[in-house]
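> okay, here's the prediction I keep looking at, along with the sequence it came from:
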There are 2 protein chains.
Amino acid sequence: MLKLRQLNTAAADFEAEFQRVLHWSAETDAAIETRVAEILADVRARGDAAVLEYTARFDRLSADSLAALELSREELRAAFEAITPAQRQALEAAAARVRSYHERQLEACGRSWSYRDEDGTLLGQKVTPLDRVGIYVPGGKAAYPSSVLMNAIPAQVAGVPEIIMVVPTPGGEKNPLVLAAAYVAGVHRTFTIGGAQAVAALAYGTATVPRVDKITGPGNAYVASAKKHVFGQVGIDMIAGPSEILVLADGSTPPDWVAMDLFSQAEHDELAQSILLCPDAGYIEQVREAIERLLPTMPRAAVIKASLEGRGALIQTRSMDEACEISNRIAPEHLEVSSKEPHRWEPLLRHAGAIFLGAYTSESLGDYCAGPNHVLPTSGTARFSSPLGVYDFQKRSSLIEVSEAGAQKLGPIAAELAYGEGLQGHALAAEYRLRGRV
Amino acid sequence: MLKLRQLNTAAADFEAEFQRVLHWSAETDAAIETRVAEILADVRARGDAAVLEYTARFDRLSADSLAALELSREELRAAFEAITPAQRQALEAAAARVRSYHERQLEACGRSWSYRDEDGTLLGQKVTPLDRVGIYVPGGKAAYPSSVLMNAIPAQVAGVPEIIMVVPTPGGEKNPLVLAAAYVAGVHRTFTIGGAQAVAALAYGTATVPRVDKITGPGNAYVASAKKHVFGQVGIDMIAGPSEILVLADGSTPPDWVAMDLFSQAEHDELAQSILLCPDAGYIEQVREAIERLLPTMPRAAVIKASLEGRGALIQTRSMDEACEISNRIAPEHLEVSSKEPHRWEPLLRHAGAIFLGAYTSESLGDYCAGPNHVLPTSGTARFSSPLGVYDFQKRSSLIEVSEAGAQKLGPIAAELAYGEGLQGHALAAEYRLRGRV
């Protein structure tokens, strides 16, 4: 019997129970922080030699030089050719859809723009790709080829001319699907290094690994800590917490489908969170029954059980409207609107990484191949952050060209405010451009 | 005689000298970090009471309740009416231009979009404003009303329904221009609190100060450290380093104008950086002469001298093309293209927070009223980050609605990849949607 938390918004203790469900905080481990700081400083000082030593120690992979740990494009192609035809086709189909979606994203919001005002002053913003980015790909038990596609393709669509992938290969064991995905995604260079030492190599550059402008991609606690440390030196994507799904159901979807969607999140790891929100007590009971029945059939049943018991919840609400409010408070990473009327509820949903509309849209379709990115804000950060996208591999520069006429109009305004702030140099620089001053 | 560093790209020691000019690193002060962590924990635990105690201690401002430290909209309006007519007009003119520019920015890249593919599957992105943001405004010697406009207006244009400003008033002394700017910018609530305790109040919420989703705005080392600590709990803007200007000159701008533009950066503080890049040795000499001549006339001459001697440089290049390359290596916050042909050089300039084109476009016009934001990436971070903008007060949610037909096509692709990653729940969730399965 599964001990799955069941809540009811009408219950007196709901708020307290709900807070317990929400609670999750990333504990920072002081020992890891200290160790990572040492590794970063060492790689910064000694470059290739330090990276080689840590790779030998942590990944049990020795080499004479860091150059020997670079995989050629030819090796990636060989990996692609060695996987099954079905895998090749699936990778290529997924990559094509992900690319197509991100090209739309580029069109929608990734282009430079400018205009001139009535004085002939030009104002605008120039959008340019980053010069070089690094993609971290985990190499251990969570080696996901789909993550290679989701990180590399938006960078490629943004026009980044150089995408450097790092992937640890503990004991020299390479994951063929990961290498094949790198081939399909068009990664430019690949090094079989990982951990904090790989992050350091990308952030500072070594004789062999070029310094990048931004590092994206998931990793273990050492990688996350290293990314936080080098932030500012380079850009980073978000530091991801455990993955989450919230299913908002009106009772019209087959209960087995919803149960399996909850499993698909829970199977990631024990800290992953699966929540069902539904106003229909009978339907909640059907989903619970489906969970009990299907759980023993799952290869990762132990992980799913631990996740559901530790962090999962079935929440009965008074209405679908209230379910939407609760969802906004959670601001989930993945939000399935498993309803006959998904477009009725979607406008009420303000905070979520990705919104999956209708019974046919399982989260797993979005994870792999629908097109949108699967790198999404976790732990409630969807309140203020966004899916990984083309915009993460671009930056903007403001463009200002004040005409002579414009300078006459703007100069006195700027000078007035500058004097008010006690910045006479600012005021004079504006006043020098006034006619009759020079 | 000013000791202003002079470099020449043709010199043998250029690279070493240039690295010295570039070098700047934000030292983190362990004592500050520890103190800030304590303040944050205390405010998180004790709320209003802790904020009141720190405000009494650090700002010498006592009150019976935190509510007593909230300024009413009426008080802001009174401040607006008490400043001079010229100041009122300048604030309103600047606000109008900043608003107009950011409205264009919203149009250019801040709208939701979606499309359907041939199977009827809907894909897109929903763009929504943040619910509530906090704006930190310094209250000491660097109290800048222009920063109030530059932070609050993009949030307002993005549609943020609640903008909370915090501004310390040491000893109870309020800056009328700052309050007037808050009135003009349409800030919703204002608290006269500051420091790490104000950041904590905004990040965690107290009985009186509502929890926000993002905190923007500059501050001292305590504020910067506090923002870094609460990042993840809430969003933050960038942590700014010292301000910088780079003037790329072809020798056609009056040398006094360029000298004053260099001053306008140097007068901010001793760590600010002013650099001139120019291929014309004679012109560099004229600018140097103008600097020597004008410096004694500046009220903030001591700060300007310290800044120019400590971090400034006049760099002679072989050509304007080479000057553009050097500029890209610096990735300056402010980049003036002081040339007769600014549009010849602009396409070569890849990394800068804001690009000021032509002799009439002094940086100070952009700082106050041209329209674009004056919160810009510093310390070379323009390689990967962007000016503060409407997009910083919005977030995106992916939208996916897979049709029944789409699920038949996508299911097998997702399942193939999911099995390859060992995630059977993901595969089954996709396969459940295949016809004939249920």
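In hand now; what should we look at?

> and A:Pro296, how far is that from chain B?
Separation of A:Pro296 from chain B (CB to the nearest CB, to the nearest Å) stands at 13 Å. (Glycine included, C-beta is placed from N, CA and C.)

> which SS class is that residue?
helix (DSSP: H, G, I helix; E, B strand; the rest coil).

> what number of residues lie near it?
8 (other CB atoms under 10 Å in any protein chain shown).

> cool, A:Pro85 as well?
Per other CB under 10 Å, the neighbour tally for A:Pro85 reads 7.

> ok, it to chain B distance?
Going from A:Pro85 to chain B by CB to the nearest CB gives 10 Å.

> also A:Val21?
Taking CB to the nearest CB, one finds A:Val21 at 18 Å from chain B.

> now swap in A:Gln197 and tell me
Distance from A:Gln197 to chain B, by CB to the nearest CB: 21 Å.

> ok, now A:Ile284?
The gap separating A:Ile284 from chain B is 19 Å, by CB to the nearest CB.

> list the contacts of the helix or strand that residue falls within.
Taking DSSP states H and E as the criterion, A:Ile284 maps to helix A:281-294. For helix A:281-294, the surrounding residues in contact (CB atoms under 8 Å, 6 or more residues apart in numbering or on different chains) are A:1-2, A:4, A:6, A:249, A:251, A:255-256, A:258-260, A:262-263, A:276, A:278, A:308, A:314, A:316.

> and that helix, average pLDDT?
For helix A:281-294, the mean pLDDT works out to 98.

> where does chain A have low pLDDT?
In the predicted model, chain A carries pLDDT under 70 at residues A:25-28, A:140-142, A:437-438.

> let's go with 50 and repeat that
By pLDDT under 50, chain A contains no weakly predicted segment.

> rewinding a little: so of the contacts of helix A:281-294, which ones are in strands?
Mapping the contacts of helix A:281-294 onto strands (DSSP state E) picks out A:Gln6, A:Ala249, A:Leu276, A:Cys278, A:Leu314, A:Gln316.

> now the last one: how far from A:Leu277?
This points to A:Gln316. With distances taken as CB to CB, to the nearest Å, A:Gln316 is found 8 Å from A:Leu277.

> what does the first one give?
Counting by CB to CB, the gap between A:Gln6 and A:Leu277 amounts to 12 Å.

> can I assume A:Pro168 is in contact with A:Lys174?
No. The pair A:Pro168 and A:Lys174 does not pass the contact test of CB atoms under 8 Å, sitting 10.1 Å apart.

> related to what we said a few turns ago, from the contacts of helix A:281-294, which are also near chain B?
Here is what survives when those are matched to chain B using CB under 8 Å from any CB of the partner chain: A:Asp256, A:Met260, A:Phe263.

> what's near enough to touch the last one?
By CB under 8 Å, 6+ apart, the residues touching A:Phe263 are A:Ser274, A:Ile291, A:Leu294, A:Leu295, A:Met298, A:Ile304, B:Gly425, B:Leu428, B:Ala429.

> got a markdown table for the residues you listed, with neighbour count and distance to A:Leu91 too?
Shown next, in a markdown table, are these (neighbours: other CB atoms under 10 Å in any protein chain shown; distance: CB to CB, whole Å):
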| residue | neighbour count | distance to A:Leu91 |
| --- | --- | --- |
| A:Ser274 | 29 | 27 |
| A:Ile291 | 26 | 32 |
| A:Leu294 | 19 | 28 |
| A:Leu295 | 17 | 30 |
| A:Met298 | 18 | 25 |
| A:Ile304 | 27 | 26 |
| B:Gly425 | 26 | 20 |
| B:Leu428 | 26 | 20 |
| B:Ala429 | 29 | 20 |
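
> closest one of those to B:Ile215?
For those, the closest approach to B:Ile215 (CB to CB) belongs to A:Ser274, at 31.1 Å.

> isn't there a strand covering that closest one?
Yes. Under three-state DSSP, A:Ser274 sits within a strand.

> burial check on the closest residue to A:Val43 other than its chain neighbours, number of neighbours?
Among residues not flanking A:Val43 along the chain, A:Ala200 sits closest, at 3.6 Å (CB to CB, 6 or more residues apart in numbering or on different chains). As a burial measure, A:Ala200 scores 28 neighbours (other CB under 10 Å).

> isn't A:Ala207 up against A:Val51?
No. Assessed by CB under 8 Å, A:Ala207 is found out of contact with A:Val51, at 10.0 Å.

> any shared contact partners between these two?
Common neighbours of A:Ala207 and A:Val51, using CB under 8 Å, 6+ apart, are A:Leu66.

> more neighbours: which of these two?
Neighbours per residue (other CB under 10 Å) separate A:Ala207 from A:Val51, with A:Val51 holding more: 28 against 12.
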